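In: Please find the sequence and the predicted model below.
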Amino acid sequence: MSEEYTKNFMNEGGEVLLFNIDETLYGIEIKYINEIISIEQITVVPKVPEYIKGVINLRGKVVPIISVRRRFGKEEIPYDERTCIIVLEFDDGNQVGIIVDRVREVTNVKPDEICETPDCKNVNANRYIKNIIESGGEIKQLLNCEKLISDL
Amino acid sequence: MAKFEAGMESMVDMYIFETTSLLEQLDQILMKTENASSFGEEEINEIFRIMHTIKGSSAMMGLENMSHLAHKIEDMFFIIREDNPVINSKNVLFDLVFTASDLLKAEIDLLQEEEYSATDFDGHMAKIEAYANALKSGSDANVADTSAPAAAAPAAKAAPAADTSEMIKVMSNGGESMTTVRIHFEDDCKMENLRALLVVNNIRNECAALNFEPADIEENADTSKYIIDNGFDVSFRPVVDAEVSDVLEIIANSANVKSYEVISEGGATVKEVPAYTLTTIKVTFEEDCKMENLRALLVVNNIREECDEIAFSPEDIEENAETSKDIIENGFTVHFRSSYGDEAIIDAVRKTPNVKNVEIIKTGADAPVAAKADVKLEKAAEKSAEAASETAAVAAKVAEAKKAAEPKAPVAATGGAKQSLISVNLNKLDQLVDMVGEIVITEAMVTSNPDLKGLRLDNFQKAARQLRKLNSELQEIVMSIRMVPLSGAFNKMTRIVRDMKVKLGKDVDLVFEGEETEVDKSVIDNLNDPLMHMVRNSMDHGIEETQEERIAKGKPGKGTITLSAYNSSSEVIIVVADDGSGIDPEKVLNKAEKNGLLTKARTEYTDKEVFNMIMLPGFSTNEQVTEFSGRGVGMDVVKKNIEKIGGSVSVDSKWGEGTQFIIKIPLSLSIVDGMEVSVGQSIFTIPINSIKESFKLKPHQLLKDTDGREMIMIRGECYPLIRLYDVYDLTPATTDLFEGIIILVESEGKWACILADELIGEQQVVVKPFSPMLNNFNVKQNGMAGCSILGDGSITIILDVGNIIADF
């Protein structure tokens, strides 16, 4: 992802989709969002890390599905009617779906509400978090989508 | 895509395609001539033609820099062709042309990018010019020799009123049985010298010997005047399988030729052919469509092929943008004659984009041009009557021949002149393939619809079978359209080997085997890079540094790199082999250890595993990074690219004897005949062509070796048993060997039995590649070739039997 874009987002803000894992709020920049679908039959792909749940048929396209809970090292919970798959689309046209507990809303984030993640000695700290957003008295963590799908 | 003027954009694709293929052609000619180390006349002409075309089309696209560079090369070859200088420094010449070709290619690549700015070729152009000048001056003696025939030109000019007998004398110098023709061009057609050149170029291929007068039409614009006054004389001897009448036909059909007279045929003969009566139409374009001159050019180009003769005014639409104004005010006038009939042509004109109206001004004989032509002809007839009466008999003969040729013309125009090849946008083909894929899925959706279960539908089944047959035929045809021989990709390697030979100072032969093997077009596109990396790797690391080193090992001094391709069931196998030093497993292991790439103890690695390590990202055994390889990126790019098209690559090597890269690519990327089997909740597809049989196991067939590994005896042969649920950590419906189904599979001579829960059925599936994210986890190595969507919308994973047998 272009650094330029990240910088722009830092300076100008933009729309962010908010979703919940447990009670924690996470955000994804709207430009990644292709669509949101309800959970459906996932075909298991063997021999891949546990957090990859498999693939689904999205109107003729085979899209891999990641469980965000698993990715963050949390226990899976049974899917309910609020469980969603957010289908992300990347610059290269690649699509990946992520399973989240529930989707909240799309909100506009102003530049002064965005702050950097703290520097940590531990390289793995904050590895999926790009920025922290504080607005409306709530704290949201902005996900780094590229890392989310590519970090092995 | 770079920005072009509106209206040009549609032509960019065509331009890029055309120029790329021309440059490839150029490379091939150069390779051929460099190997043969002599320039044949044919080759020079071919290079000349290529450069000329590139020059013209680049200029049309407004790409001045490319046009100029092509022009410089054209100039250089002009000197080579005309003056026939002794070329001492062949290497320099080849390097100059090769570099130019590379520059042009790079520029074409740039064109396809968003931000395009013209590259400056001045440096290289100056080099070419310098060399060309050196050629010219270095061979003064030769120039004098070859220009002797040309010396006839000024002599003839001195007597502009040269009568026919004199002319015959001059012309007969050229050869014993030359036919001499005097050509008159339409009045006011302008640039008569270039029109004349066009005629010469048109007939050049048909003529074994060819002289023309004035000789310097290409360089000297003043010759136009001479041609207007005296006509343009061409004397020629047709090639063995062509008749004089054929050549005359071509002359008559050349653009702007009003009439011609045969002055002498093999001696002396007079004959004239009247210009055909022309139809005149006036074309007007839509208001505000802009660049009317180019729209007009489009019109002309559209009908040019169908017309035996065509002229238009304003004339210089191609070069002169000012003509737009003229066209807006007065319309665009086209005179033509066509064996297709006026209606067809006018229709074609009407269908051209932006044409608003077509007005027929004159048809047939009363066209003003034709009338003028008649007057001229009368004069010519008088003149020729004086010339010789004995030639009448010959004239009659020619007329007869002409007549005989006449009825053939329309046939030739529809059959011969029409190309039987068309170029199609690849996107459209891709869409077609996708569509066929969808049809296959839909067919399965219909014929194995759950609503039909348990019904007796004889007629339906019959129709469904018919549909299936037609679908598979359709599929075959669509696939065959996309099949391209590998020779193109292979030939590109000649160039790379050539360049590296020079730079590395190694002597290497590149040998092709089975280059006629065909693969899908998209495979070829993805194959160029990997092949290049592998050939470079073989050149750089494979082949020994010096000949002495090779000879000391008992090998011929000259190295060999072999590119071979062959079909094996549903795969194409491409092997890049060198007879160089091979890979040292120890060295690879050391390096892998250093880079932290080892995942188990050193001793546990088999040679094959070690060799395949060189394709891991960030691996390069070469200590020194060279221009060609050594950055450790090459080989993993190879692997990635090949996997992208659903193939696999492996390395084999013998220390001291050479290395082989083996690439396996599925023949058709998209559709596979498969057998669906279920394992627990999952459905897998096994390609039919790797299935030998399927059966229920009987207790007496099962045996276990000392380690408890299960094997199955079938007709006296023993095969290993692979439990699919074990391999993929799935929960099967049954773990009982005797309840499940055993499928005997084979891949490249290796056999195994696979245990699955049950067979679901046979179906054609459309292969969808795995997402790049999944490819990161080596799903290919784990025996999964891709996935596919079944009729009911569920997803099946297509198994790669070869990998399953190899790894489990």
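Out: Noted; the coordinates are in hand.
In: burial count for residue B:202?
Out: 16 (other CB atoms under 10 Å in any protein chain shown). Just so you know, the C-beta spots here come from the backbone N, C-alpha and C atoms, and that holds for glycine as well.
In: Please identify the buried residues of stretch B:107-127?
Out: B:107-108, B:111, B:121, B:124-125, B:127 (16 or more other CB atoms under 10 Å in any protein chain shown).
In: Let me fix that, I meant to ask about stretch B:718-737.
Out: Buried, per 16+ other CB under 10 Å, within stretch B:718-737: B:719-725, B:727-728, B:730, B:732, B:737.
In: now residue A:144: how far from residue B:583?
Out: 39 Å (CB to CB, to the nearest Å).
In: Looking at the buried residues of stretch B:718-737, which are in helices?
Out: Using DSSP state H, B:724-725, B:727 are the members of those that sit in helices.
In: check those against chain A, which are close?
Out: By CB under 8 Å from any CB of the partner chain, the members of those lying near chain A are residue B:727.
In: of all the ones in helices among the buried residues of stretch B:718-737, which comes closest to residue A:82?
Out: Taking CB to CB as the measure, residue B:725 is the one of those closest to residue A:82, at 33.3 Å.
In: Skip the chain neighbours and tell me the closest residue to the closest one.
Out: residue B:732 (4.0 Å; CB to CB, 6 or more residues apart in numbering or on different chains).
In: could you list every residue that touches that neighbour?
Out: Contact analysis of residue B:732 by CB atoms under 8 Å, 6 or more residues apart in numbering or on different chains lists B:679-680, B:724-725, B:740, B:757.
In: Need the phi and psi values for it.
Out: Main-chain dihedrals, residue B:732, degrees, to the nearest 10: phi -80, psi 170.
In: Quick check: residue A:32 vs residue B:490, distance?
Out: 42 Å.
In: And the next helix or strand past the strand or helix carrying residue B:432?
Out: For residue B:432, the host element (DSSP states H and E) is helix B:426-447. Downstream of helix B:426-447, the next assigned helix or strand under DSSP H and E is helix B:458-481.
In: Would you mark the buried spots in that next one?
Out: B:464, B:471-472, B:475, B:478-479.
In: ok, back up a step: can you list contacts of the helix holding residue B:432?
Out: So helix B:426-447 is contacted by A:60, B:464, B:467-468, B:471, B:474-475, B:478-479, B:481-482, B:521-522, B:670-671, B:763-766, B:789-792 (CB under 8 Å, 6+ apart).
In: cool, and stretch B:566-575?
Out: B:486, B:513-514, B:517, B:519, B:523, B:527, B:531, B:562-565, B:660-668, B:672, B:687, B:689-690, B:748.
In: For chain B, what's the nearest residue on chain A?
Out: residue A:46 (3.3 Å; CB to the nearest CB).
In: Assumed that residue was part of a strand.
Out: No. Going by DSSP: H, G, I helix; E, B strand; the rest coil, the assignment for residue A:46 is coil, not a strand.
In: just to revisit the earlier point, just the buried ones from the contacts of stretch B:566-575, in ChimeraX syntax?
Out: In ChimeraX, a selection of the buried entries from the contacts of stretch B:566-575 looks like this (16+ other CB under 10 Å):
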select /B:486,514,517,519,523,527,531,562,563,564,565,660,661,663,664,665,666,667,668,672,687,689,690
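In: Which of the contacts of stretch B:566-575 fall within strands?
Out: Of these, the ones assigned to strands by DSSP state E are B:513, B:519, B:562-565, B:660-666, B:672, B:687.
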